[in-house]
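Participant: Can you look at this prediction? I've put the sequence above it.
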Protein chains: 6
Amino acid sequence: MPGPVFLEGESVTLRPIEEADVEFLQRCMNDPRVWRYALDVNPTNRVQIREFFEDVLSGDDGVHCLACDGEEPLGVVSLTGSRYGPDETSRSRAAELAYWFAPERHGQGYGSDAAATMVRYAFEDRNLRRVSARLGSFNDASAGLLESLGFEHEGTLRRAAWFRGEYHDVLWYGLLREEWQARE
Amino acid sequence: MPGPVFLEGESVTLRPIEEADVEFLQRCMNDPRVWRYALDVNPTNRVQIREFFEDVLSGDDGVHCLACDGEEPLGVVSLTGSRYGPDETSRSRAAELAYWFAPERHGQGYGSDAAATMVRYAFEDRNLRRVSARLGSFNDASAGLLESLGFEHEGTLRRAAWFRGEYHDVLWYGLLREEWQARE
Amino acid sequence: MPGPVFLEGESVTLRPIEEADVEFLQRCMNDPRVWRYALDVNPTNRVQIREFFEDVLSGDDGVHCLACDGEEPLGVVSLTGSRYGPDETSRSRAAELAYWFAPERHGQGYGSDAAATMVRYAFEDRNLRRVSARLGSFNDASAGLLESLGFEHEGTLRRAAWFRGEYHDVLWYGLLREEWQARE
Amino acid sequence: MPGPVFLEGESVTLRPIEEADVEFLQRCMNDPRVWRYALDVNPTNRVQIREFFEDVLSGDDGVHCLACDGEEPLGVVSLTGSRYGPDETSRSRAAELAYWFAPERHGQGYGSDAAATMVRYAFEDRNLRRVSARLGSFNDASAGLLESLGFEHEGTLRRAAWFRGEYHDVLWYGLLREEWQARE
Amino acid sequence: MPGPVFLEGESVTLRPIEEADVEFLQRCMNDPRVWRYALDVNPTNRVQIREFFEDVLSGDDGVHCLACDGEEPLGVVSLTGSRYGPDETSRSRAAELAYWFAPERHGQGYGSDAAATMVRYAFEDRNLRRVSARLGSFNDASAGLLESLGFEHEGTLRRAAWFRGEYHDVLWYGLLREEWQARE
Amino acid sequence: MPGPVFLEGESVTLRPIEEADVEFLQRCMNDPRVWRYALDVNPTNRVQIREFFEDVLSGDDGVHCLACDGEEPLGVVSLTGSRYGPDETSRSRAAELAYWFAPERHGQGYGSDAAATMVRYAFEDRNLRRVSARLGSFNDASAGLLESLGFEHEGTLRRAAWFRGEYHDVLWYGLLREEWQARE
């Protein structure tokens, strides 16, 4: 059973990720429809997923939530400091948005709702001024999701990712608080 | 089942916080009606709440009690040394009062009773001479509670808190022993 | 169920304190009729009482017994080295007597019996020459108990304790082996 | 010899604090004209000052600089996160300013220059929106310094400090970025 | 060379105790004219005195100062929490005074000056309300010193010390803040 | 004296960074003309720079060289894995280039030479296929340097950096191996 509700979206709730969710996490994170698109590449056994749960998901850095429809876990949405050091992030008031969803739940609008809820939380509750996201150029679904939320395509790192036998570009998207406010 | 009774108020008992209360703590501390007003901002999973229980609630610093109505847990009341160093606190005989209550129990007078019981304990049993409390300027309920107990509004730290998309002031309240005695 | 019988008094047995007694200890040590008179002041949850059981009651220093009436636990009696260093105590052959009893068992003579049993043990089995005890000047029951056992009031530390809103004196009592022997 | 120059004021330079400065720190921090006004109270030997140097001054939290006139060390200026938790500080973009100067250098304008330099750094380089400071109500020199920099007196915590035999108020001062900009 | 001056008496200065003072400490603490009167009894080698320096003199508990005449070390004056637990001490605002001086410096008034300076510091800077001291009944010099400072003889723990082949009483002395103020 | 020569450019040599270079590093990294442009913000004392030397410069991740003109140290050039995880970097055969130079050596062509040498090493010796670099939009010198080496401007993260009181964009530059080869 998922943990208590931390934030509510339209149809999705965001909750703290509990040890009981590790099985769901492991199933999804080993699914090629998830790891390939997340630019990840390694198999993850139960020992490794537990470490990930304890060190990252239960750690001090970043906000990691389980997106749920009622009691059913759907995926994970995260907001993390820029990897360029805490100071830079803190000063520029920026964070990165990331997410993945169970393959059987792709294309049902859950991602948009969960991401929109996290973006609102980033601007309203955490006082951030910029949320960014990166994705492979082959990931049309994710690009569409970000664009539907008002993210702007800010750059194209040429051939910065390897996906299914070929080099692909990495796309940067960004959303500023004033842009987000103007859409509300 | 809550632990033994440590202090009795009018309708509320204050008890040591036990591991069995962790589920109640986690539910409330993830509720936006609690965390937003407590100037907190992070989701807390079971691992993190256990660490909090072991390191803070079972630690040596501060007094942390579960407020109950009979066997029903209502919230948490704490008395902690000033964060400005143990020596200064010890010499000035001052401590800070903090509390939160389950959202479904707001507005039923439990908070006043629990806080009043802790204040009495601070002055009578711990020989303190001053109890203070901080809150966001948007928190009318908490300001009302403190004023009903005789706390005086001592200062306004301008724009020192971020709450739901805007900067707000932080209010300091203080109550001296002689003021408290005069009201008894 | 209490542990095996270590010493027998008139109506009371003194037994080693077991982990199973922790619940009884916690209930009593959180009761204001116990902690206030013991010059203690903090709430104690199950984690903290377990640490106390393991570090103090199961440690190498001092003698700690559960006073029982048959299988019913009544309170705790202790004999500890003076807190002024093991060497000084060891050379002067002195120790301190301390005790508390469950509130519902106050005034039934159990305390005198348990303390007398511990005092006999101190002189007969441990070769001590002096047993002392401290108490707040407000604690008439404890003063009466000590006087009934032949303890002499040796000093009054003025305003050395805080109890229910006021400073009180701390009374020192002492009993020498020859005095104890003369009464037998 | 002091470390490299990190920031330059009118007549003062701010530099990282080096192990070689420990002797200067220890002399000043043991001087009653420094520790009493800083609401500190303990003697500090070389072992303790080294621990302070390693744990606090060389730690990750806060910015601590040695204020110098050329090669001569004058005092210490610090900017620390609010003690009310990193999240709250980070979201409200606020920090606390603290400083002390060698007694023989009091009243020569060094404090204003060093504090002004740190305040500029807080707003311009660290993107803070609020700088606050606390002091005892008996500390006229420090209040004057803060007021000369445009800090506003925001509150008076009554009898929250003990200084030379009496309770005194603690004063909170605050300066917002827009106020600071308007004065530039 | 002794550390910086922390407090000044009439002819004596009180300074933090530094590692360089360990040789002086060891010489005195092994002198029978010191350890016998301090109710101590063990030889102390350089390893042991270093541990004492690091664990006790450089620790967080108590205030320990080197009394000096100019650069010459004379002895040690300490103010420690009651050994009956930090809470009780903190609530009753009491501490114990202890001191020893190099044998060649006995009888020259240094002890009174150093003790008086520490007592003033206890009441004025640490906000204590009571200072106590214990000594063997054979220690006329120390009793005279305390009485000259206004300490009152509060109790006599009969035969609680062993000194040079015989049992002796331990004397408790106490001084309250209002008594000390009345003498100023 | 700098370490042995690892790579030779036109006028510059790249060498392993030695402990003896720590003083040079500390001076430059505390100079506002270096730290502000590097999007860094903290003062760095000798203890902290030694930790940086041991943990980062002497660690397993990344390539860090001291750029020298003969025996004179000029600055630091680094090639690090993308901060987006070693796997992603390793698969995409990409790395990030970073560099800083002593302020008195700016504008003398050393940067271009050192960066070009590191880029050649990245493609020829490490079999990378892409080198990228990030900089603040205010950093014309660095942008010019990258463009002179054939780097292409790939994106503009809007308002992702804070520099001297204002938000600025962060620019991404990238250079592919085939582009670099075509210029040779």
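Facilitator: Thanks, I have it.

Participant: Report all helices and strands that the helix or strand containing residue A:50 contacts.
Facilitator: If you go by DSSP states H and E, residue A:50 is part of helix A:46-52. Judged by 3 or more C-beta pairs under 8 Å, 6 or more residues apart in numbering or on different chains; DSSP states H and E, helix A:46-52 is in contact with helix A:22-29. Bear in mind the C-beta positions are built from the backbone N, C-alpha and C, glycine included.

Participant: near chain F at all, the helix or strand following the helix it packs on?
Facilitator: Going down the chain from helix A:22-29, the next helix or strand is helix A:32-35, by DSSP H and E. No. Against chain F, helix A:32-35 shows no contacts by C-beta under 8 Å from any C-beta of the partner chain, the least distance being 10.4 Å.

Participant: For helix A:32-35, list the C-alpha coordinates in PDB.
Facilitator: C-alpha atoms of helix A:32-35 as PDB (Å, rounded to 0.1, in the frame of the first residue of the first chain):
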ATOM      1  CA  PRO A  32      13.700  -1.800 -21.700                       C
ATOM      2  CA  ARG A  33      10.800   0.600 -22.400                       C
ATOM      3  CA  VAL A  34      11.800   2.400 -19.300                       C
ATOM      4  CA  TRP A  35      15.600   2.200 -19.000                       C
END
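
Participant: Need the contact partners of that helix.
Facilitator: Applying C-beta atoms under 8 Å, 6 or more residues apart in numbering or on different chains, the contact partners of helix A:32-35 are A:28-29, A:41-42, A:100-103, A:106.

Participant: which of the residues you listed lies closest to chain F?
Facilitator: The shortest approach to chain F among the contacts of helix A:32-35 belongs to residue A:41, at 5.2 Å (C-beta to the nearest C-beta).

Participant: Show me what from chain A comes close to chain C.
Facilitator: Counting by C-beta under 8 Å from any C-beta, chain A has no residue next to chain C.

Participant: now the strands: where do they sit in chain A?
Facilitator: A:7-8, A:13-16, A:63-69, A:72-81, A:94-101, A:130-136, A:152-163, A:166-176 (DSSP state E).

Participant: what about the residue in chain A sticking out farthest from the centre, distance to chain F?
Facilitator: Ranking residues of chain A by C-alpha distance from their mean position (C-alpha atoms, centre = their mean) puts residue A:165 at the top, at 24.6 Å. Distance from residue A:165 to chain F, counting by C-beta to the nearest C-beta, to the nearest Å: 11 Å.

Participant: Just confirm residue A:145 contacts residue A:111, I think it does.
Facilitator: Yes. If you go by C-beta atoms under 8 Å, residue A:145 and residue A:111 touch, sitting 5.3 Å apart.

Participant: Comparing these two, which residue is more hemmed in?
Facilitator: Remark: of residue A:145 and residue A:111, residue A:111 carries more neighbours, 26 against 21, as counted by other C-beta atoms under 10 Å in any protein chain shown.

Participant: quick one: that one and chain B, what's the gap?
Facilitator: 19 Å.

Participant: what's the top helix by length along chain A in contact with?
Facilitator: In chain A, taking DSSP state H as the definition, the longest helix is helix A:110-124. For helix A:110-124, the surrounding residues in contact (C-beta under 8 Å, 6+ apart) are A:7-12, A:14, A:63, A:65, A:67, A:69, A:74-75, A:77-79, A:95, A:97, A:99, A:101, A:128-129, A:131, A:141-142, A:145-146, A:148-149, A:175, A:177, A:180-181, B:164-165.

Participant: Pull out the buried members of those.
Facilitator: Neighbour counting by 16 or more other C-beta atoms under 10 Å in any protein chain shown classes A:7, A:9, A:12, A:14, A:63, A:65, A:67, A:74-75, A:77-79, A:95, A:97, A:99, A:101, A:128-129, A:131, A:142, A:145-146, A:149, A:175, A:177, A:180 among these as buried.

Participant: Among these, which ones lie close to chain B?
Facilitator: Restricting the buried ones among the contacts of helix A:110-124 to those near chain B - C-beta under 8 Å from any C-beta - leaves A:7, A:14, A:63, A:65.

Participant: In space, what's closest to the third one - neighbours in sequence excluded?
Facilitator: Nearest in space to residue A:63, with sequence neighbours left out and distances taken as C-beta to C-beta, 6 or more residues apart in numbering or on different chains, is residue A:79 at 4.5 Å.

Participant: bridging residues for the one you found?
Facilitator: Applying DSSP bridges to residue A:79 gives these bridge partners: residue A:63, residue A:97.
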